[in-house]
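Q: everything below, folded, please.
(one chain, ligands or ions: 2)
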Amino acid sequence: MNDQKDGKGEEEEMPVDPALKATRYHGVIKERLYVLEQIAVKINDEKKWFVEIRNLEQAFAKELPEHFRNEEELLFPILESRGIPEHKALVARLRTEHAGLLAQMEGITQLLCEHMFPLQPEAAARINEELHRFSQALCQHAETEDEQLFTAVQSLNAGAGR
Ligand SMILES: [Fe+2]
Ligand SMILES: [Fe+2]
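A: Residues are numbered from 1 along each chain as shown. Ligands and ions are numbered 1, 2, ... in the order given. Predicted structure coming up:
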């Protein structure tokens, strides 16, 4: 099969870093956080909401570490290797946020494991608050990456293609 086209070989294909696939994942994260926020306040209304929140938390606990690892191993080094101070500062901030978010998530997992439905009011209030804090922090983190991290990587890739 000959699918070579005139002039096509002269232009270098824009490299797409595999870690950029993570951008699509932020849509999933944001959707899941929205659902989490909607049902977190109902945690003690019906058992199905308590179970739903546990399921959502388990989904985050399963997928978030790998998501962060992909960014830390594939994406962040691209920016760090260029030695641009603003990029280094951004990556340092994001790495710190990853550690904080994982710790927050582990705390919530533990809280949910320690309690059964129906919850005592204090426990329900505490879980609610922790879920809200986690949701806000993760949403903010994803927005920072969407707005700053991926833009920076894409501009480096575009510069490299010139
Ligand atoms: Fe991240
Ligand atoms: Fe991310």
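Q: please count neighbours and contacts with C-alpha atoms only from this point.
A: Noted.
Q: give me the average confidence score over the longest helix seen in the chain.
A: Longest helix in the chain, counting residues (DSSP state H): helix 85-114. Helix 85-114 carries an average pLDDT of 97.
Q: could you say what helices and strands that helix packs with?
A: Contact here means 3 or more Cα pairs under 8 Å, 6 or more residues apart in numbering; DSSP states H and E; on that basis helix 85-114 packs against helix 47-70, helix 76-80, helix 121-144.
Q: just the angle between it and helix 121-144, please?
A: Put simply, helix 85-114 runs at 150 degrees to helix 121-144, going by axes from the mean of the first three to the mean of the last three Cα atoms, to 10 degrees.
Q: closest to residue 102 out of the helices and strands packed on helix 85-114?
A: Smallest distance to residue 102 across the helices and strands packed on helix 85-114 (Cα to Cα): 7.3 Å, for helix 47-70.
Q: render the CA-only coordinates of that closest one in PDB, please.
A: Extracted in PDB, the C-alpha atoms of helix 47-70 (Å, rounded to 0.1, in the frame of the first residue of the first chain):
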ATOM      1  CA  LYS A  47     -28.400   4.000  52.100                       C
ATOM      2  CA  LYS A  48     -28.100   4.200  48.300                       C
ATOM      3  CA  TRP A  49     -26.400   7.600  48.600                       C
ATOM      4  CA  PHE A  50     -23.900   6.300  51.200                       C
ATOM      5  CA  VAL A  51     -23.100   3.400  48.900                       C
ATOM      6  CA  GLU A  52     -22.900   5.700  45.900                       C
ATOM      7  CA  ILE A  53     -20.400   7.900  47.700                       C
ATOM      8  CA  ARG A  54     -18.300   4.900  48.700                       C
ATOM      9  CA  ASN A  55     -18.300   3.700  45.100                       C
ATOM     10  CA  LEU A  56     -17.200   7.100  43.800                       C
ATOM     11  CA  GLU A  57     -14.500   7.300  46.400                       C
ATOM     12  CA  GLN A  58     -13.200   3.900  45.400                       C
ATOM     13  CA  ALA A  59     -13.100   4.900  41.800                       C
ATOM     14  CA  PHE A  60     -10.900   7.900  42.700                       C
ATOM     15  CA  ALA A  61      -8.800   5.800  45.000                       C
ATOM     16  CA  LYS A  62      -8.200   3.300  42.100                       C
ATOM     17  CA  GLU A  63      -7.600   5.800  39.300                       C
ATOM     18  CA  LEU A  64      -6.100   8.900  40.800                       C
ATOM     19  CA  PRO A  65      -2.700   7.500  41.800                       C
ATOM     20  CA  GLU A  66      -2.100   6.200  38.200                       C
ATOM     21  CA  HIS A  67      -3.300   9.500  36.700                       C
ATOM     22  CA  PHE A  68      -0.900  11.500  38.900                       C
ATOM     23  CA  ARG A  69       1.900   9.000  38.200                       C
ATOM     24  CA  ASN A  70       1.500   9.400  34.500                       C
END
